[in-house]
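> Predicted coordinates and the sequence they were generated for:
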Protein chains: 2
Amino acid sequence: MSEWTQLWLDYRKVCDGIEKVNVIVRDFSKENRVIKSLLDEITRGMKGLTGAEISVAIKDEFEGKSEDGTLNVAIQKNDEILAEGYRIFRKGSEVLLEAADEKGALYGTYHILRMTARGELIDGLEKKCDPDNPLRMMNHWDNMDGSIERGYSGRSFFYKNNEVIVDDRTRDYARFMASIGINGVVINNVNVKEAASYMITDRYFDKLKEMSDVFADYGIKMYLSLNFASPIELGGMKVCDPLDPEVIKWWEDKCKEVFTALPDLGGFLVKADSEGRPGPFTYGRTQADGANMLADVVKPYDKLIIWRCFVYNCTQDWRDTKTDRARAGYDYFKDLDGKYHENVILQIKNGPMDFQIREPVSPLLGGLTKTNQMLEVQIAQEYTGQQIDLCYLIPLFKEVLDFKTYCQKDKDTVADIISGRAFGNKNCGMAAVINTGNDKNWTGNDLAAANLYGFGRLAYDMSLSAEEIAREWVAQTFALEKADEDIIVKMLIESRDIYEKYTCPLGIGWMVTPNTHYGPSVDGYEYSRWGTYHRADHLGLGVDRSDKGTGYAMQYYPENASKYNEMEKCPEELLLFFHHVPYSYKLKDGRTLIQYIYDSHFEGESRAEEMAESWEKLKGKISDESFKRVKNRFERQLYNAKEWRDQVNTYFYRKSGIADEKGRKIYE
Amino acid sequence: MSEWTQLWLDYRKVCDGIEKVNVIVRDFSKENRVIKSLLDEITRGMKGLTGAEISVAIKDEFEGKSEDGTLNVAIQKNDEILAEGYRIFRKGSEVLLEAADEKGALYGTYHILRMTARGELIDGLEKKCDPDNPLRMMNHWDNMDGSIERGYSGRSFFYKNNEVIVDDRTRDYARFMASIGINGVVINNVNVKEAASYMITDRYFDKLKEMSDVFADYGIKMYLSLNFASPIELGGMKVCDPLDPEVIKWWEDKCKEVFTALPDLGGFLVKADSEGRPGPFTYGRTQADGANMLADVVKPYDKLIIWRCFVYNCTQDWRDTKTDRARAGYDYFKDLDGKYHENVILQIKNGPMDFQIREPVSPLLGGLTKTNQMLEVQIAQEYTGQQIDLCYLIPLFKEVLDFKTYCQKDKDTVADIISGRAFGNKNCGMAAVINTGNDKNWTGNDLAAANLYGFGRLAYDMSLSAEEIAREWVAQTFALEKADEDIIVKMLIESRDIYEKYTCPLGIGWMVTPNTHYGPSVDGYEYSRWGTYHRADHLGLGVDRSDKGTGYAMQYYPENASKYNEMEKCPEELLLFFHHVPYSYKLKDGRTLIQYIYDSHFEGESRAEEMAESWEKLKGKISDESFKRVKNRFERQLYNAKEWRDQVNTYFYRKSGIADEKGRKIYE
């Protein structure tokens, strides 16, 4: 038995009647590393999906007429197609895959295998796919000691005891990533410390080159997170001031060394001036000063600097109601719009806080119009159930992408901005903090792989719906009858709403156990230094971020600002994020706020129970091992859901003194 | 400069006019290890206290007449004195110290030095001292990796990297302990794990013997904390059931080995069935089964088993208002009264919870009348400021000792019970969880050494007042003018009241940051598994432990039970421990409960500020190093006090909606 699963590339036999597959490669070199991977994969996939007896022949041209039971797949170049895009046509037994480049051909190959797995590679098929986002990246928060910051799936498979590991699992990882269109991977934690600081030294170059080569086989560029203080920590300098000529010289020398050793490296990701990390602010410089300095240094090598915008005061006084962490990103970065060099990308979290189950979209997205922007989301479920609780996040990401910023007349959604459609940027896209680890099933909860799969697919094709993606993933992963597939798809689609209902109400967030971020602690962050408050008192709760409060709402373009600014117009799912609301406030459906809190918590927990029961129906239909792993997670989710329900209800009952209208059990 | 201070044995010159000290030892052997230590100490002390020129001569008899400037100290045996007691008489230049044994002589010597330091060794002096408690022990929670559980003074000086250290610091430690009458030290954490499990194997015997010898030089018996699961962990057995003959046999063999290697060992301290530790309950046995088994095994060697009573359900559901952690000790141990063998001692924490700044006295103390009892207190300030905040604990200990249990007509106080006066026990006394570490000043905060000193003095002589002890300690430690001495004594005496005022009101406890236990988090333990709740809602707070609530109040003898059971009769400092009280409830002075909460928190913080200001007056009068260390602690204390004041006030203001009558600043 393998030490790890094959996720959605399991290639179990689902397809009868094909006995032979001929693969013809035209125009592309069969010696090209990506084409080699393509040929390996189509061989492996077609053998698996269509039966053990099949033979796959790699040929230069078709030979004579096709026989019954033969599939001929021709892969050829078409320069009219966009980079990394592809076209698939099927006519009779002939399948034509066209692409402008090897990566497009590889993605198209995975698409053919996906359609084969779902029985959709039918006669007459025409499929045209171009990537929506130039950059589609995974960010690993793996540390070199093997731990993973906010990792819920075991230890790192990239590192152990401060050594880099490159083995068969690395290759399978690269295959998975390529199969969903990922073209960039940042392999180390943004909090660069200890051994990881030495990644840009010859201590690690050999192993990193080896890893980079495996990635290159699958069209993936490797990136490194950078320690902005490297001139101090590695160079023995006294400062890392980005305007200091000696510091710049140090970086120039260092980058020459790095890109000589690792020519395929895509560039660097930098977390500076954030949560205790050093940065330009230390020297009275701007974020642009810091990013541009590095960008200029890496420009000769045609590399990128991806600069995170997660900068805020993390030593706030809870007594201070004027300072608002939600404002920080916009306040720090907006004025610098247009100042960033072409090879700098600002990486912006989807919301202004930190990956809560519900936040408004960051006003920086679209607030910036002259700057390369990358959307950062988190599929590691730090605040959304930690891969114990089921929480399919694609619906959340879809909401973010579809959000109209009003930054211009048309093409103003977040999807338009980060894809480059809005302002014509080339260096932009989407990045996800990944949810993998060395657990056998890669993601702790088998069902959490839907987020891994889904993020890649969505980043490539933002027009896909959350349900289409879920259906693709379920079909490839479990190969079930339609009715059973529907059960899992329904669970996935509903899971985010359920999780939101039993946790933090109406966008307020942060009612989690400090540090671990799993499970409820309503006041856990209420008197802390993290800028994370709900301000609940005996009359109501919520943070006034209107123009009478912290003014955060006014960071949006007027159409959104006016909506968020008024309690009556504010979308209800974000009501408590923007307003301090009395418990007696009537929501649109006539319920009071406090009654909504009680109702949603009873509902969320009860629907979590239903979800767990649904899973029982799949017993015997999926592998026993997988069934049990998920069942165990549901048991823990139910325990968690009850804790949330009871702690939140009790907390607000104790505080408000208002009883549940329906007389359900609220502990005193 | 030394790596560590000499605490109250600094022996700086305070005394003029003595040029020569003759020490005459009669009846005792000068070769006895304790007498040797005595002679070393009196030489060192007298040299220091009276000036560098002095010569100390150890003689058999006085020679001729005393000259001016000569002090003759005769140390002789008197079998009529109780064990470990002593008598001191001075007539002219002759000082007579009498004792029945070497330990008494050593304690008397320290007393002579103490009086010399304070200028009290005057002509005509007669002093008679007998120890109140047979056992006067320190419990170290030091781990073999060098960490200290709940240690706030650096790392362990007993262990480093899983090795036992015996060096000059060990000897100084033993001197300090002997100087305050300590006669037993448990050298390892009650949570015995990892390397510490191997203390009872030959891996550590040599070093432990060496340590035990140093202790023996100062009349101190060494004890070890024992892992009840040793038959499993060391013996490879499947169980540690105390009634299993093979387990008993294993212990018999093991103890033979241990006491052969460490003949001076006093016995074992055991934490069983507590907070995840294994114990008799695992096998359906009673606590008496467990303790008696071990007691029988060690009896041939004349050793003791000290059995901790800190047993409670630490996986309570917060929704469960019937279960009450406070009840647990009495519930588990009361029925077994009289079942424990003669060489078993039950070690009972002063309160029923866990070393909070205010708790009632444990009803087990005196609830048991046929069982050896030892009072356990904690001078490590886990919940009382962690040696950052000043909190002189002797007033708290005095309250506990003076508590009338009503277990019998007379001699019914806790002091009577644990000293053996009440029921004639010989194996009984007091133990403190110690507050030392390898910080230069031993206790983190220089002023925290008052608790270290104070505990020992109090355990020896329970009739001393908290102020007398404070005054003794200040005089020996700082050698100040009377007015300056008064400043520190006043700070010490008031500090507990101040700390209590700005932290948890009226005995409720537990409003601390989970895990660390420093700083406020009002709801931090409110929804936890630890049985630690305040049950605050919009109308009031406190736990109903009356006969209408958990019934805990009824565990006391009727005189106390009736008092605690009724809100109107309950001592106000414990009101919220015993009752759920409306915010509008009028206290005896006419203030409402909520107003008391506000008032006490403003007062506590403001008095902490005054205390910090007092310290400034001592600048230049004590060593600069010591002054700065303490000043730094006061700065941190003030920060902490403000956090407590504001978080507690805001919490209750938000919850009750009742404003401060005096209109002071309460954050919203």
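Cool, got the structure. Residues are numbered from 1 along each chain as shown, chains lettered A, B, ... in the order given.

> who's in contact with the residue nearest the centre of chain A?
A centroid search over chain A (Cα atoms, centre = their mean) returns A:Ala432, at 2.7 Å, as the residue closest to the centre. Neighbour list for A:Ala432: A:137-139, A:376-379, A:455, A:459 [criterion: Cβ atoms under 8 Å, 6 or more residues apart in numbering or on different chains]. For glycine as for every other residue, the C-beta is placed from the backbone atoms N, C-alpha and C.

> partner residues bridging it?
With DSSP bridges as the criterion, A:Ala432 is bridged to A:Met138, A:Val377.

> And the helices in the stretch 451-600 of chain A?
A:466-478, A:482-502, A:558-565, A:575-578, A:593-616 (DSSP state H, counting those that start in this stretch).

> For the residue of the stretch 51-200 of chain A found nearest chain B, grab phi and psi.
Nearest residue of the stretch 51-200 of chain A to chain B (Cβ to the nearest Cβ) works out as A:Asp145 at 18.4 Å. Backbone torsions of A:Asp145, given as degrees, to the nearest 10, read phi -80, psi 0.

> burial measure for the residue nearest to it when sequence neighbours are not counted, as a count.
Among residues not flanking A:Asp145 along the chain, A:Asn162 sits closest, at 6.1 Å (Cβ to Cβ, 6 or more residues apart in numbering or on different chains). If you count neighbours by other Cβ atoms under 10 Å in any protein chain shown, A:Asn162 ends up with 15.

> Any idea how many residues pack against the residue in the stretch 401-550 of chain A that chain B sits nearest to?
In the stretch 401-550 of chain A, the residue that lies nearest chain B is A:Asp537 (3.7 Å; Cβ to the nearest Cβ). Neighbourhood size, A:Asp537 [other Cβ under 10 Å]: 20.

> In contact with it: list those residues for me.
A:655, B:653-655, B:657, B:668.

> List the ones among the residues you listed that fall in helices.
Under the assignment DSSP state H, those contribute A:655, B:653-655 to helices.

> What residues does the residue nearest to A:Asp145 make contact with?
Counting by Cβ under 8 Å, 6+ apart, A:Asn162 has contacts A:144-145, A:194-195.

> B:Gly92: which of these is nearest?
Checking the contacts of A:Asn162 against B:Gly92 by Cβ to Cβ gives A:Glu194 as the nearest, at 70.5 Å.

> Now do the same contact list for the closest residue to the closest one other than its chain neighbours.
Distance criterion Cβ to Cβ, 6+ apart; nearest residue to A:Glu194, sequence neighbours excluded, is A:Met144 at 6.8 Å. Contact partners of A:Met144, counting by Cβ under 8 Å, 6+ apart, are A:159, A:162-164, A:188, A:194-196, A:199.

> filter those residues to the buried ones?
Buried subset of the contacts of A:Met144 (neighbour count, 16 or more other Cβ atoms under 10 Å in any protein chain shown): A:159, A:164, A:188, A:195-196, A:199.

> A:Tyr204 - nearest residue in space that isn't next to it in sequence?
A:Val164 (5.9 Å).

> The worst-scoring helix or strand of chain A on mean pLDDT packs against which elements?
Across the helices and strands of chain A, the lowest-confidence element by mean pLDDT, DSSP states H and E is strand A:55-59, at a mean of 76. Counting contacts by 3 or more Cβ pairs under 8 Å, 6 or more residues apart in numbering or on different chains; DSSP states H and E, strand A:55-59 packs against strand A:20-25, helix A:33-50.

> who does the last one touch, helix- and strand-wise?
For helix A:33-50, the contact count by 3+ Cβ pairs under 8 Å, 6+ apart identifies strand A:20-25, strand A:55-59, strand A:70-77, helix A:102-117, helix A:168-179, helix A:205-217 as packing neighbours.

> Hmm, A:Gly420 is touching A:Lys426, no?
Yes - the pair A:Gly420 and A:Lys426 passes the contact test of Cβ atoms under 8 Å, sitting 6.1 Å apart.

> in stretch A:207-215, what's buried?
A:208-209, A:211-212, A:214-215.

> And the residue of the stretch 301-450 of chain A closest to chain B?
Closest point on the stretch 301-450 of chain A to chain B, by Cβ to the nearest Cβ, is A:Arg319, at 4.5 Å.

> Need the pLDDT of that residue.
Predicted confidence (pLDDT) for A:Arg319: 96.

> Just give the number of residues close to it.
Neighbour tally, A:Arg319, other Cβ under 10 Å: 14.

> and the residue nearest to it when sequence neighbours are not counted, how many neighbours?
The spatially closest residue to A:Arg319, leaving aside those adjacent along the chain, is B:Tyr667, at 4.5 Å (Cβ to Cβ, 6+ apart). Residues within reach of B:Tyr667, counting by other Cβ under 10 Å, total 15.

> State the distance from B:Tyr667 to A:Ser546.
20 Å (Cβ to Cβ, to the nearest Å).

> do A:Gln373 as well
26 Å.

> neighbour count winner among these two?
Neighbour tally, A:Gln373 and A:Ser546, criterion other Cβ under 10 Å: the higher count belongs to A:Gln373, 28 against 20.

> Show the pLDDT at that one.
For A:Gln373, pLDDT reads 98.

> Tell me what it is bridged to.
A:Leu346.

> Surely it and A:Lys349 touch.
No - counting by Cβ under 8 Å, A:Gln373 stays clear of A:Lys349, with 11.5 Å between them.

> what does the model give the closest residue to A:Glu481 other than its chain neighbours for pLDDT?
Distances taken as Cβ to Cβ, 6+ apart place A:Lys621 nearest to A:Glu481, at 7.8 Å, with adjacent residues excluded. Listed pLDDT for A:Lys621 reads 97.

> A:Lys621 - how many residues pack around it?
For A:Lys621, using other Cβ under 10 Å, the count is 14.
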